[in-house]
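> okay, structure incoming, though there's no sequence with it:
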C-alpha cells in the first residue's frame with residue numbers, strides 16, 4: 001500500500017461553493033491536473049512542467065515535498081471599472097514538487113479554485129540548482145473533454161491580433177491567441193486566457209490533437225521562450241467557466257489574480273470620453289504627415305478643442321503633431337521625435353488653449369515598432385506631456401507586421417515578436433514610467449490585457465483587435481455585422497477595448513465609396529454600453545454630429561464608469577444585452593445589439609430601486625430600419641418605468657438599442 005501511495009498521489013481542491021474542482025495527481029513522478037464542474041469533466045488529465053536550456057526536463061522524477069491549503073475572501077474596490085466592488089473568494093492549494101536523487105530541483109504549482117473558474121501558475125523558488133535559467137518549452141496542456149465549438153483568432157499572423165474571430169470546432173484549430181472561448185455540447189461556456197503577465201512570454205494555445213491544447217509561448221529572436229532568475233513566478237493560466245455566455249462577461253477572475261494597485265494616489269486617473277484628429281485621416285480627408293492636408297495643425301486642433309468644450313468632452317486626441325510622419329514611417333522605423341512638433345502645430349500654445357477651455361490634450365506616441373528608439377525618448381516625452389497638463393496618452397506600435405525592431409550591442413538589427421518577453425518587458429517599463437508622470441495609457445497594437453489594470457490602473461484601455469478604422473478602409477468594406485457580437489464574448493473578456501465608437505455618418509460619403517459601417521445608427525449608440533472602455537471616443541467628424549443631433553445627445557449623456565454590470569441575455573456572435581449602473585448615481589444605461597438577424601427581447605427592469613419611478617430615454621431602430629437598406633431609421637422616445645416594468649426591445653437586422661434610465 002505504501003508503494004502505491006508513493007507512485008500515485010492525488011490531492012483535490014474545491015471552489016468555495018463546491019462548484020469547480022481541481023484534481024492534482026503525481027503518477028510515477030509526473031505531475032498532472034484535471035478540472036471538473038459540478039462533477040462534470042471539463043479538463044481531463046493534463047500535463048504540467050517545463051524544459052530548461054542545458055538541463056534535464058522539469059516534468060518528471062518528482063516527489064511531493066509539501067501540500068499546503070488556504071482560503072481567501074475579500075471585497076475590493078476598483079479605481080474605475082465595469083463593477084465597482086468585486087468579491088475575490090477562492091481556495092488555494094500549493095504543491096511543492098522536489099526531484100528525487102542528487103542535485104534535486106524544486107518546482108511549486110499554485111492552484112486556485114473559484115466558483116467562476118480555476119487558475120494555476122508555477123513558482124521557481126530560490127535554490128542552488130536553478131538560478132538564471134531559460135525556458136525552451138512550457139509543457140502545460142489543456143485536455144478538453146470534447147470537440148467543443150470555439151471562437152478564436154490564429155496566432156503568428158502578420159497583423160498581430162487584428163483579425164476577425166472565427167467559429168470553428170476545436171479539432172480545426174492550429175495555434176490561436178487567447179482568450180479562446182468555447183461552448184460544449186451541454187451548453188457550458190469556457191474561456192482560456194492568462195493573468196498577471198509581467199515578465200514572461202505571451203501564451204498562445206497549440207492544438208496537439210485529441211482535443212488537447214498546449215501552451216505555446218511567443219519566442220525570442222534566438223528561439224528561446226523565457227529568460228528568468230529564481231525566485232520567479234509565471235503568469236496564471238486561467239479557465240473561466242459559466243453556465244451562460246453572459247457569465248463569462250461578469251467573471252472577474254482575471255482581475256482577482258492580479259495584485260492590488262501599486263499607485264497610492266489614483267485621483268488623477270479618470271474615465272472619460274474624448275474626441276480627436278483621427279477619423280479624418282482614416283477617411284483620407286487629412287494626413288498624419290505634413291503638407292497641404294496635414295490634420296494636426298494649430299487651427300484644426302483648436303477647432304476640436306472648441307467642439308470638445310462645447311459638448312463636455314474632457315480630452316482631445318491629436319495624432320500626427322510630431323516630426324516623423326512623412327514618408328514610409330511604418331517600414332523605415334526609427335523616425336519619430338516625441339518632443340518636436342511640425343512647424344504648423346504649436347504644441348505649447350494648443351495645450352494652453354485647451355486649458356483655457358477646460359479641456360486636456362490626449363497625447364500620442366506612435367513608435368513605428370522601433371522600441372529602443374522610443375525608450376531612449378520616453379522619459380523626456382512623458383515629462384513634456386506632464387508639464388503641459390496631459391493626463392492620458394495613446395501609444396501605437398504599427399510596424400513591420402508581426403515583428404518589432406531593435407538593435408543589439410553590435411549594432412545588428414534584431415526582430416522580435418510583438419508579444420514575446422522582450423515586448424512584455426517594454427510595455428511594463430512604459431506603464432510604470434507613465435504612472436510616475438501621472439499619465440494614463442490607451443495602448444494600440446500592444447499586448448493583450450491580462451488584468452494588470454488592477455495593479456496599474458493608469459493602464460486604462462487597449463485596442464488589440466479590429467477596431468472602427470477597418471470600416472473606413474478594410475478589405476471587407478466594413479466590419480461584418482457579427483464582428484462585435486464575437487468580440488464581446490472573446491477579446492473583451494481580457495479587458496477594456498478602445499474600439500473608438502460614435503461614427504454616426506455610417507455610409508462615410510463623400511470620402512469613401514464601398515466601405516461603410518455595417519449596422520444601424522441605434523446599434524452604433526449601443527456600443528458605448530456593450531463594448532466596455534473607461535476611455536470612450538466620439539470618433540466621427542465634428543461636422544457630422546450636427547447632422548444627427550438626437551443620436552449625438554446620447555453620446556454626450558452616456559457614462560464611462562460603472563457601479564454595476566448585468567448581462568440580460570446573450571449568444572456568442574448573435575446578440576447581447578447589457579445593463580450598467582453609472583458610478584455614484586441612480587442612473588442606468590442599457591445597450592442591446594444583434595448581428596444580421598432582427599430580434600425582439602423582453603428586458604425586465606428589476607434592477608431599478610423598488611418604489612421609485614424613472615424616465616427611460618429610448619434610442620431604438622425604427623420600424624423600417626435595416627442595416628443594409630435603411631440604417632439611419634432611428635426613433636427617440638421617452639416613457640415612465642419602474643422596477644416592475646418589462647421593456648420590450650425590437651432590434652432590426654444589424655440593429656440595436658440604447659437606453660438611458662434616469663430617476664425622476
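Thanks, I have the structure now. Since we're looking at a predicted model, the values are computed, not measured.

> contact partners for residue 491?
Each residue near residue 491 by C-beta atoms under 8 Å, 6 or more residues apart in numbering is listed here: 161, 165, 179, 464, 465, 497. Where you see a C-beta, it was placed from the backbone N, CA and C, and this is true even at glycine.

> out of these, who's the most crowded?
Using other C-beta atoms under 10 Å as the neighbour test, those are led by residue 179, with 29 neighbours.

> list the contacts of it.
With C-beta under 8 Å, 6+ apart as the criterion, the residues that contact residue 179 are 191, 192, 193, 448, 490, 491, 493, 494.

> contacts for the longest helix along the chain?
When the chain is scanned for its longest helix (criterion: DSSP state H), the result is helix 371-388. Here helix 371-388 makes contact (C-beta under 8 Å, 6+ apart) with 333-334, 336-339, 347-348, 351, 361, 363, 365, 367, 393, 404-407, 422-423, 426, 429-430, 433-434, 436-439.

> one more time with 6 Å
334, 338-339, 351, 363, 367, 404, 406, 426, 433-434, 437-439 (C-beta atoms under 6 Å, 6 or more residues apart in numbering).

> could you do stretch 280-296 as well?
Outside stretch 280-296, the residues touching it (C-beta under 6 Å, 6+ apart) are 277, 318, 320, 321, 325, 326, 342, 345, 469, 472, 511, 541.

> for the first one, give its distance to residue 347.
The span separating residue 277 from residue 347 equals 13 Å under the rule C-beta to C-beta, to the nearest Å.

> in stretch 98-106, what counts as buried?
98, 99, 105, 106 (16 or more other C-beta atoms under 10 Å).

> before we move on, back to that, beyond the longest helix of the chain, next helix or strand please.
strand 392-396 (DSSP states H and E).

> quick one: distance of that next one to the chain centre.
Computed by C-alpha atoms, centre = their mean, to the nearest Å, the chain-centroid distance of strand 392-396 equals 15 Å.

> for residue 206, state which of the buried residues of stretch 98-106 is nearest.
Nearest to residue 206 among the buried residues of stretch 98-106, counting by C-beta to C-beta, is residue 105 at 25.7 Å.

> so who does that closest one touch?
By C-beta under 6 Å, 6+ apart, the contact set of residue 105 is 99, 129, 130.

> again with residue 211
Contacts of residue 211 (C-beta under 6 Å, 6+ apart): 144, 147, 170.

> beta partners for residue 215?
residue 205 (DSSP bridges).

> helix/strand/coil for residue 525?
helix (DSSP: H, G, I helix; E, B strand; the rest coil).

> what distance do you get for the residue nearest to it when sequence neighbours are not counted to residue 27?
Distances taken as C-beta to C-beta, 6 or more residues apart in numbering put residue 658 closest to residue 525, at 3.9 Å, once the chain neighbours are dropped. Residue 658 is 55 Å from residue 27, where distance means C-beta to C-beta.

> tell me which helix or strand comes right after the helix or strand encompassing residue 36.
Using DSSP H and E, the element containing residue 36 is strand 30-37. Where DSSP H and E defines the elements, the next helix or strand beyond strand 30-37 is strand 40-47.

> so which other helices or strands are in contact with that next one?
If contacts are counted by 3 or more C-beta pairs under 6 Å, 6 or more residues apart in numbering; DSSP states H and E, strand 40-47 sits against strand 30-37, strand 141-144.

> distance to residue 577 for these - can I get that in a markdown table?
Converted to a markdown table, the helices and strands packed on strand 40-47 look like this (distance: least, C-beta to C-beta, whole Å):
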| stretch | distance to residue 577 |
| --- | --- |
| strand 30-37 | 25 |
| strand 141-144 | 29 |
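
> CSV for those, including mean neighbour count?
What follows is these, written out as CSV (neighbours: other C-beta atoms under 10 Å):
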stretch, mean neighbour count
strand 30-37, 21
strand 141-144, 22
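
> could you dump those to JSON lines with mean pLDDT and distance to residue 576?
Converted to JSON lines, the helices and strands packed on strand 40-47 look like this (pLDDT from 0 to 100; distance: least, C-beta to C-beta, whole Å):
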{"stretch": "strand 30-37", "mean pLDDT": "98", "distance to residue 576": "23"}
{"stretch": "strand 141-144", "mean pLDDT": "98", "distance to residue 576": "25"}
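
> wait, which of those is closest to residue 249?
Taking the helices and strands packed on strand 40-47 one by one with C-beta to C-beta, strand 30-37 is closest: 18.0 Å.

> what pairs with the closest one, parallel or antiparallel?
Strand 30-37 pairs in its sheet with strand 20-27 (antiparallel), strand 40-47 (antiparallel), by DSSP bridges.

> tabulate the ones you listed in CSV, adding columns for mean pLDDT.
Converted to CSV, these look like this (pLDDT from 0 to 100):
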stretch, mean pLDDT
strand 20-27, 98
strand 40-47, 98
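
> just put these in TSV and tack on mean neighbour count and distance to residue 385.
Formatted as TSV, those follow (neighbours: other C-beta atoms under 10 Å; distance: least, C-beta to C-beta, whole Å):
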stretch	mean neighbour count	distance to residue 385
strand 20-27	19	45
strand 40-47	18	46
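
> which one of these lies nearest to residue 521?
strand 40-47 (41.5 Å).

> any idea of the pLDDT on the residue nearest to residue 498 when sequence neighbours are not counted?
Once flanking residues are discounted, residue 498 sits nearest to residue 461: 4.5 Å by C-beta to C-beta, 6+ apart. Residue 461 is assigned a pLDDT of 98 by the prediction.

> for the spatially most central residue of the chain, helix, strand, or coil?
The centroid of the chain falls nearest to residue 495 when counting by C-alpha atoms, centre = their mean (3.4 Å). With three-state DSSP as the basis, residue 495 sits in coil.

> wait, it sits on residue 449?
Yes - between residue 495 and residue 449 there is a contact under C-beta atoms under 6 Å: 2.9 Å.

> would you mind giving the domain segments of this structure?
Following automatic domain parsing, one gets these domains for the chain: 2-78+87-256, 482-503+519-664.

> okay if I get the strands paired with strand 30-37 as JSON lines plus distance to residue 125?
Conversion of those to JSON lines gives the following (distance: least, C-beta to C-beta, whole Å):
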{"stretch": "strand 20-27", "distance to residue 125": "18"}
{"stretch": "strand 40-47", "distance to residue 125": "21"}
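
> out of everything not next to it in sequence, what's closest to residue 529?
residue 591 is the one closest to residue 529 (C-beta to C-beta, 6+ apart), at 2.7 Å.

> mind telling me what element the one you found is part of?
Here residue 591 is assigned to strand 587-594, by DSSP H and E.

> give me the contact list for that strand.
Under C-beta under 6 Å, 6+ apart, the answer for strand 587-594 is 523, 526, 529-530, 575, 577-581, 649, 651, 656-662.

> which of the residues you listed fall within helices?
Within the contacts of strand 587-594, residues falling in helices by DSSP H are 523, 526, 529, 530.

> report the two of these separated the most.
523 and 529 (11.1 Å).

> ok, the two, which is more surrounded?
Neighbours were counted for residue 523 and for residue 529 using other C-beta under 10 Å; residue 523 has more, 31 against 27.

> tell me who's in contact with the more buried one.
Here residue 523 is in contact with 593, 655, 656 (criterion: C-beta under 6 Å, 6+ apart).

> okay if I get these as a markdown table plus distance to residue 245, neighbour count and pLDDT?
Output for the contacts of residue 523, formatted as a markdown table (distance: C-beta to C-beta, whole Å; neighbours: other C-beta atoms under 10 Å; pLDDT from 0 to 100):
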| residue | distance to residue 245 | neighbour count | pLDDT |
| --- | --- | --- | --- |
| 593 | 14 | 31 | 98 |
| 655 | 20 | 32 | 98 |
| 656 | 18 | 31 | 98 |
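
> any chance you could map the helices in the stretch 101-250 of the chain?
245-249 (DSSP state H, counting those that start in this stretch).
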